[in-house]
Each structure stands twice: as C-alpha cells, then as structure tokens.
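[1] Have a look at this prediction, sequence included:
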Amino acid sequence: MRYGFTTGSCATAAAKAAAFMLLTGAKKTKITIETPKGIPYTAGLLDIDRKEHEVSCAVQKDGGDDPDITSGTLIYAKVALTSQLEPRIQIDGGIGVGRVTKPGLDQPVGNAAINHVPREMIEKEVMEVCQITDYKGGLRIEIYVPEGEKLASQTFNPRLGIVGGISILGTSGIVEPMSSQALLDTIRVELRQRRAQGYDYVAVSPGNYGLDFMKRTYGYDLDRSVKCSNFVGDTVDMAVELGFTKMLLTGHIGKLIKVAGGIMNTHSREADCRMELLAAFAAREHVENDNICQLLECVTTEEAVRILKEQGKCEAVMEYAIERICYYLEKRAKGALSIDCILYANEFGELAKSKGVEKWFTLLVQEQAQLI
C-alpha cells in the first residue's frame with residue numbers, strides 16, 4: 001500500500017518553498033524536504049502568491065492509501081520578512097489552524113495547534129534556506145488551512161479544546177496506510193509463529209509505547225511478542241483459537257481504560273469513553289463531585305491521572321480499572337485464556353497490575369535467558 005504525508009510535512013514543504021522564493025526571488029514549482037522517518041518528500045506547489053516582503057503557497061495533502069478527512073486539503077504557508085531584532089523564526093497558525101484552549105496537549109494553552117515535531121521540521125528546513133541564501137534576518141511563518149474550520153468539526157478537536165480549525169500533526173512525517181484486514185492478518189501470523197515455537201503463553205501490547213515501557217521498566221524486550229494495535233478483542237479471539245492458555249497485556253491507560261468498559265476495539269472512531277469511565281470509577285472511590293467534574297473535562301488521561309493522584313485516589317481507581325479490564329478480557333475469552341494486565345502512563349509509569357503479573361516476570365526472564 002502507498003504511504004502518504006502528514007499535515008506537518010505539507011506545512012513544512014510549503015514553508016520551505018515560500019521562504020526560498022522570498023529570499024531568492026526565484027519561482028519554485030516543486031520542493032523537497034526530509035521527513036523525520038528519513039523518507040524524502042517532494043511536493044508540488046500550488047496557489048503561489050509572490051510579493052516583495054512576503055510569499056505564500058500551498059501543498060495539497062496526500063494521505064496515500066490511508067486517506068483521512070484532510071486528504072486533498074490545501075495546506076498553506078505564508079513567510080514574511082521581519083526585523084532582525086525579532087526572534088529568527090516565528091511560527092504561528094492562521095485561519096483554519098486550531099488554537100489550544102485546554103491544558104494537557106502537545107502545545108500550551110494559547111498556541112496554535114501545530115505540534116512540536118512539525119514546528120521542528122519547519123524551523124530546520126527554513127533555516128537550511130536561510131543558510132543557503134546567507135540570510136541573517138528574521139522570518140515570520142504563518143500556517144493556514146482555508147477549509148480547516150469546516151474539517152475540524154469532523155474531528156475530536158472541539159472535544160479536546162482545540163478551536164477554530166485542524167491540528168498540524170505528525171511524528172514521522174509520513175502516513176503509513178492502515179488496512180484493518182492487513183493488521184489482523186499480521187497479528188494472526190505473529191501469534192501462529194509463536195504457537196508453532198511451542199509457547200502456550202504470549203505477551204501483547206497495542207504498540208511501540210507498551211514495548212518501550214516494558215523494556216524501560218522491567219528490562220524485558222517484547223520485540224518478539226505481538227503488537228495488537230487497537231484490535232484487543234480480535235487478538236484475544238485468535239489467541240484462544242490457536243490454543244494459547246495465558247496472555248499478558250501491557251498498555252497505556254488512554255487505550256486500556258476503554259477495555260475496562262468492555263470496549264474491545266480501542267480506536268477513537270469506535271468509541272471514546274475514557275473520561276466517563278475514569279469519572280465513574282472515581283465516584284465509586286468517593287472522589288468529590290467537583291473533582292469528578294474536573295475529570296470529565298480532562299483532555300488526556302495523563303491529566304486525569306494527575307488529578308486522581310492529587311486527591312490520593314489514583315491507586316484505588318487504577319486497581320479497580322485493572323480488575324474490570326481483566327474481567328472483560330476473560331469474558332471475551334470465555335474462560336479459555338488466563339489474562340493478566342499492566343496499566344501505565346507515560347508521565348507516571350506503572351499505575352496498576354493484576355495479581356498474576358509477578359509470575360509473568362519470572363516466565364519472561366526465563367524465556368529471554370534461553371534465547372541468549
């Protein structure tokens with residue numbers, strides 16, 4: 001399947017091209033940037049507007065074979081000369097780029113919703129143009145998306161407290177196509193291979209963050225285990241079908257709290273009741289109403305964890321969450337699979353683990369020793 005490029009890559013390409021045309025006076029119809037993934041991106045330039053002290057142009061978003069609502073959208077950058085006394089590169093959002101109004105996101109309240117990786121990409125590529133042209137002054141870069149406000153109504157941005165438009169996103173610079181069936185086939189292959197090696201137990205995590213957490217916290221490399229993406233329930237079904245008897249699931253609270261409500265596909269388009277579940281569990285532990293209302297207003301689960309910790313209720317809430325996660329996982333397995341779980345947060349580390357996890361550590365360390 002064909003990969004595409006993020007809104008961050010498009011904004012970067014447009015900004016680099018506009019800077020080049022402004023500082024050289026030459027017209028440009030294509031521009032190449034290097035994405036953080038190391039894959040070069042050559043973008044065609046549209047709607048070029050050249051003036052003496054500013055230039056703007058657009059790049060059309062190409063989502064590859066995994067198009068989202070922004071595919072085909074024009075992402076604009078306007079680059080203008082500024083006084084040399086001002087900061088060298090200033091980056092802000094214009095029309096159609098959202099603005100952050102709640103804490104807990106990538107950017108502080110008040111900033112344009114241009115995440116830190118796209119900001120770094122833009123600065124790096126534009127600085128390269130400045131060096132080539134020996135320009136020592138300042139530049140003001142405005143990223144804007146004329147259709148952004150309309151598109152944002154179809155995203156989670158309003159709920160997250162990002163108002164007025166879409167976010168400029170991307171950590172790798174590319175959009176890797178996500179075919180649900182292809183992912184499910186990959187999970188099945190990985191499970192089948194492990195079962196064929198004689199193992200009747202398997203460690204599973206939704207993605208790389210879970211693998212990194214296990215390695216950092218417990219010293220266990222899960223690279224040989226299975227990434228289930230959002231397909232928690234399907235992975236349990238396949239594990240039962242293939243004859244596994246035990247499973248360890250390690251995941252971030254932002255995904256696995258959904259499983260505590262019986263949701264077996266954790267993709268945001270399937271369901272998002274993270275704060276509602278945390279609020280309900282907090283009420284069970286007699287957290288005060290005002291704090292429960294705060295939880296419901298949280299943008300991220302990390303922010304919710306902080307509130308629970310401040311109230312001294314985090315441990316009790318997370319223990320109950322683990323209990324419910326294991327209940328629903330074992331219900332899905334219909335008793336054919338013994339399932340343990342580790343729940344963590346990026347900022348706070350391990351939040352809770354089920355009672356059988358300690359035995360897993362012994363089992364996994366023994367397996368690792370055999371493979372050395």
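    Now that the structure is in, tell me what you want to look at.
[2] Please identify the nearest residue in space to residue 32, excluding sequence neighbours.
    Excluding the flanking residues, the one nearest residue 32 by Cβ to Cβ, 6 or more residues apart in numbering is residue 42, at 4.5 Å. C-beta coordinates here come from the backbone N, C-alpha and C atoms, glycine included.
[3] residues contacting that neighbour?
    Neighbour list for residue 42: 30-32 [criterion: Cβ atoms under 8 Å, 6 or more residues apart in numbering].
[4] before we move on, what about residue 265?
    So, once contact is read as Cβ under 8 Å, 6+ apart, residue 265 ends up touching 230-234, 271.
[5] switch the cut-off to 6 Å
    residue 230 (Cβ atoms under 6 Å, 6 or more residues apart in numbering).
[6] thinking again about what came up before, which of the three states applies to the residue nearest to residue 32?
    In three-state terms, and counting by DSSP: H, G, I helix; E, B strand; the rest coil, residue 42 is strand.
[7] Distance check, it against residue 5.
    Residue 42 sits 10 Å away from residue 5, taking Cβ to Cβ, to the nearest Å as the criterion.
[8] go on, residue 39?
    In this structure, residue 39 and residue 5 are separated by 9 Å, where distance is defined by Cβ to Cβ.
[9] what do these two both touch?
    Between them, residue 39 and residue 5 share these contacting residues under Cβ under 6 Å, 6+ apart: residue 174.
[10] more neighbours, those two?
    Comparing residue 39 with residue 5 by other Cβ atoms under 10 Å, the one with more neighbours is residue 5, at 26 against 13.
[11] Apart from its chain neighbours, what residue comes closest to that one?
    Computed as Cβ to Cβ, 6+ apart, the closest residue to residue 5 that is not its neighbour in sequence is residue 41, at 5.2 Å.
[12] State the pLDDT value of the one you found.
    Residue-level confidence at residue 41 comes out at 95, pLDDT.
[13] This structure: helices as residue ranges?
    Assignment of helices within the chain using DSSP state H yields the ranges 7-24, 116-133, 148-152, 157-160, 180-196, 208-218, 232-241, 253-259, 274-284, 289-297, 301-310, 314-333, 357-371.
[14] Mean pLDDT lowest where, among these?
    Here the helices of the chain differ in mean pLDDT, and the lowest is helix 208-218 at a mean of 71.
[15] which of the contacts of residue 42 are buried?
    Neighbour counting over the contacts of residue 42 (16 or more other Cβ atoms under 10 Å) leaves residue 31 as the buried ones.
[16] Show me which of the contacts of residue 42 is closest to residue 11.
    Nearest to residue 11 among these, counting by Cβ to Cβ, is residue 31 at 12.0 Å.
[17] From what I see, that closest one and residue 15 are in contact.
    No. Look at residue 31 against residue 15 with Cβ atoms under 6 Å: they stay out of range, at 9.5 Å.
[18] still on that earlier bit, can you tell me how far the residue nearest to residue 5 is from residue 174?
    8 Å.
[19] what touches both of those two?
    5, 35.
[20] follow-up on the earlier one: quick one, which of the helices of the chain gets closest to residue 95.
    Of all the helices of the chain, the one in closest proximity to residue 95, counting by Cβ to Cβ, is helix 148-152 (7.0 Å).
[21] ok now that closest one, how far from the chain's centre?
    Shown here is helix 148-152, whose average C-alpha point lies 20 Å from the average C-alpha point of the whole chain (Cα atoms, centre = their mean, to the nearest Å).
[22] Just the residues contacting that helix, thanks.
    Counting contacts by Cβ under 6 Å, 6+ apart, the residues outside helix 148-152 that touch it are 69, 96-97, 164-166.
[23] buried ones in it?
    Of the residues in helix 148-152, those scored as buried under the neighbour-count criterion (16+ other Cβ under 10 Å) are 148-149, 151-152.
[24] related to what we said a few turns ago, roughly how far apart are the residue nearest to residue 5 and residue 4?
    Summarising the geometry, the distance separating residue 41 from residue 4, computed by Cβ to Cβ, is 10 Å.
[25] now, among the buried residues of helix 148-152, which is nearest to residue 47?
    Each of those was checked against residue 47 using Cβ to Cβ; the closest is residue 148, at 15.1 Å.
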